[in-house]
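Engineer: Sharing a sequence plus its predicted fold:
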Amino acid sequence: MTRNGLIIGRFQPFHNGHMEVLRKIFAECDHVIIGIGSAQYSHTDKDPFTAGERYHMIAEALRSEGYANYYIVPIEDLNRYSVWVSQVKSMCPPFQVVYSNNPYTRRLFFEAGYEVRDSPLYNRSEYSGTEVRRRIREGCEWEHLVPDAVAKVIRECGGVNRITELGETDEYRW
Ligand code: ATP
Ligand code: MG
């Protein structure tokens, strides 16, 4: 029986922790469905990259590792938890297993009858979108925390300047 696994993240940006989880899901499932959450957001501190840029990062990272059995699906937030599962279902190819550590995602998919699996956290102090964005903003080393293909996409779309400028303020700094 076909077993497809779903993982949803904002991927701001896609980093080595995400890549590790995907390797595990690829090993356990026939196809992987990667939902790009908060797809409508970009150009903010927390969500600097567009859904298209995130799509490009993930596709390039997976191409460089030779994976082809996946689908990438941008999904906008509805901010209405009761209809979140239907929203995700309506946008994605069929899936049977959901990988998540997020309590509300786990709860909602469990209540909808899906098998929900933990995804282990890898080197979470560094493999974190927040940490990668902080390092870029503060001019620290960040490339080693993301797949090479992702670093290239970020540089090519002007991501470093974008994140740095978004971190600036027009308020007086005390
Ligand atoms: P942010 O700090 O911006 O929230 P994040 O690193 O938490 O970024 P998300 O896109 O929010 O990344 O997470 C998507 C999914 O990836 C979540 O289910 C999260 O638990 C998982 N994930 C994030 N970092 C890691 C990691 N280092 N190891 C394993 N899973 C991770
Ligand atoms: Mg997160």
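Structural biologist: Arrived safely, thanks for sending. Residues are numbered from 1 along each chain as shown. Ligands and ions are numbered 1, 2, ... in the order given.
Engineer: Wondering if the helix or strand hosting Ile7 reaches ligand 1 at all.
Structural biologist: According to DSSP states H and E, Ile7 maps onto strand 4-9. Yes - contact between strand 4-9 and ligand 1, assessed by Cβ under 6 Å from any ligand atom, occurs at Gly9. Every residue, glycine included, has its C-beta placed from N, CA and C.
Engineer: what's the following helix or strand after that strand?
Structural biologist: Per DSSP H and E, strand 4-9 leads on to helix 16-28 as the next helix or strand towards the C-terminus.
Engineer: when you scan that following helix, is anything in it near ligand 1?
Structural biologist: Yes - Helix 16-28 reaches ligand 1 (Cβ under 6 Å from any ligand atom) through Gly17, His18, Glu20, Val21.
Engineer: closest to ligand 1 among the residues you listed?
Structural biologist: Gly17 (2.2 Å; Cβ to the nearest ligand atom).
Engineer: what does this protein put close to ligand 1?
Structural biologist: 9-12, 17-18, 20-21, 100-102, 119, 121-124, 127-130.
Engineer: Any of those residues buried? List them.
Structural biologist: Gly9, Arg10, Phe11, Gln12, Gly17, His18, Val21, Ser100, Ser119, Tyr122, Tyr127, Gly129 (16 or more other Cβ atoms under 10 Å).
Engineer: From Thr2, how far off is Val160?
Structural biologist: Distance, Val160 to Thr2, by Cβ to Cβ, to the nearest Å: 41 Å.
Engineer: Compare the two (neighbour count), which wins?
Structural biologist: Higher neighbour count among Val160 and Thr2: Val160, with 15 against 9, using other Cβ atoms under 10 Å.
Engineer: residues touching the closest residue to the more buried one other than its chain neighbours, list them.
Structural biologist: Distances taken as Cβ to Cβ, 6 or more residues apart in numbering put Ile136 closest to Val160, at 5.6 Å, once the chain neighbours are dropped. By Cβ atoms under 8 Å, 6 or more residues apart in numbering, the contact set of Ile136 is Trp142, Ile154, Gly159, Val160, Ile163, Thr164.
Engineer: Looking at those residues, which are in helices?
Structural biologist: Ile154, Gly159, Val160, Ile163, Thr164 (DSSP state H).
Engineer: From these, pick the one nearest ligand 1.
Structural biologist: For the ones in helices among the contacts of Ile136, the nearest to ligand 1 is Ile163 (11.9 Å; Cβ to the nearest ligand atom).
Engineer: In contact with the closest one, which residues?
Structural biologist: Asp45, Pro48, Arg133, Ile136, Arg137.
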